[in-house]
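A.B. asks: Got a predicted structure here, sequence first:
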Amino acid sequence: MIYLQMLWVFFRLGLFTVGGGYAMLPLIQAEVSRYGWITAEEFVDMIAIAEMTPGAIGVNTATFVGFRQGGLLGALVATTALTLPSLLVVVAVSKVLDRFRDHPTVEAILSGIRPVVAGLIASAALFIAKAALITSSPDGLTAFSPLALVIALASGVAVYRYKVHPITVMIGAGLLGLVVF
């Protein structure tokens, strides 16, 4: 039964998500929470791992969720279900889109979709920031971590302003986490 649920969930996500893996993250998070497949903290950990591994973050996250729920077969089902709609759409649309790319209706549709993609990516960023900066204890208390905020801001500045490679920043932050936390 879990395989059919994953097939349905990830196929729908792959079919209706526009904007790539980061835009897909809030939708994946909503679905895995709805089915109780993983906790919010586990999801953030999966995103961190998916970010460090080769491949698209949405596909990697689906693979990790699938593996967590159904082992190797679950990973295969989730990954295939997520990527299959894109393959089918690309094959169907590729020849037609070139002829109509400059059509005003197509341009208008794409102009309407771009802000939605930006909003989905911002939503994923806020979800990850909340999970990284605010911790919950077993007794229900929440706490804000100023040190985590400093690490997040320093990481952002290092990557954006000083063009430090993200992997270098992640390794450095991981080592800092080992020492501090």
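C.D. replies: Ah, there it is.
A.B. asks: now this structure, which segments are flagged as low pLDDT?
C.D. replies: By pLDDT under 70, the chain contains no weakly predicted segment.
A.B. asks: Tell me where it has helices.
C.D. replies: Across the chain, reading from the start of the chain, the helices by DSSP state H fall at 2-16, 21-35, 40-52, 57-100, 104-133, 146-160, 166-180.
A.B. asks: Out of those helices, flag the one nearest residue 139.
C.D. replies: helix 40-52 (15.9 Å; Cβ to Cβ). Just so you know, the C-beta spots here come from the backbone N, C-alpha and C atoms, and that holds for glycine as well.
A.B. asks: what's the nearest residue to the residue sitting nearest the centre point of the chain if we skip its chain neighbours?
C.D. replies: Relative to the mean C-alpha position of the chain, the nearest C-alpha, by Cα atoms, centre = their mean, is the one of residue 25, at 3.1 Å. Among residues not flanking residue 25 along the chain, residue 124 sits closest, at 3.8 Å (Cβ to Cβ, 6 or more residues apart in numbering).
A.B. asks: what's the spacing between that neighbour and residue 23?
C.D. replies: Taking Cβ to Cβ, to the nearest Å as the measure, residue 124 falls 7 Å from residue 23.
A.B. asks: likewise residue 165?
C.D. replies: Relative to residue 23, residue 165 is positioned 23 Å away (Cβ to Cβ).
A.B. asks: So for the two, which residue has more residues nearby?
C.D. replies: residue 23 (21 against 10; other Cβ atoms under 10 Å).
A.B. asks: who's in contact with the more buried one?
C.D. replies: 17, 117, 120-121, 124 (Cβ atoms under 8 Å, 6 or more residues apart in numbering).
A.B. asks: Contacts made by stretch 58-75 with the rest, please.
C.D. replies: Residues from elsewhere that reach stretch 58-75 (Cβ under 8 Å, 6+ apart): 2-3, 6, 10, 13, 17, 20-22, 24-25, 28, 32, 37-38, 42, 46-47, 49-51, 53, 76-79, 81-83.
A.B. asks: 6 Å instead?
C.D. replies: With Cβ atoms under 6 Å, 6 or more residues apart in numbering as the contact definition, stretch 58-75 has outside contacts at 2-3, 6, 10, 21, 24, 28, 32, 37, 46, 50, 53, 77-79, 82.
A.B. asks: Ok, stretch 110-130 next?
C.D. replies: With Cβ under 6 Å, 6+ apart as the contact definition, stretch 110-130 has outside contacts at 18-19, 22-23, 25-26, 44.
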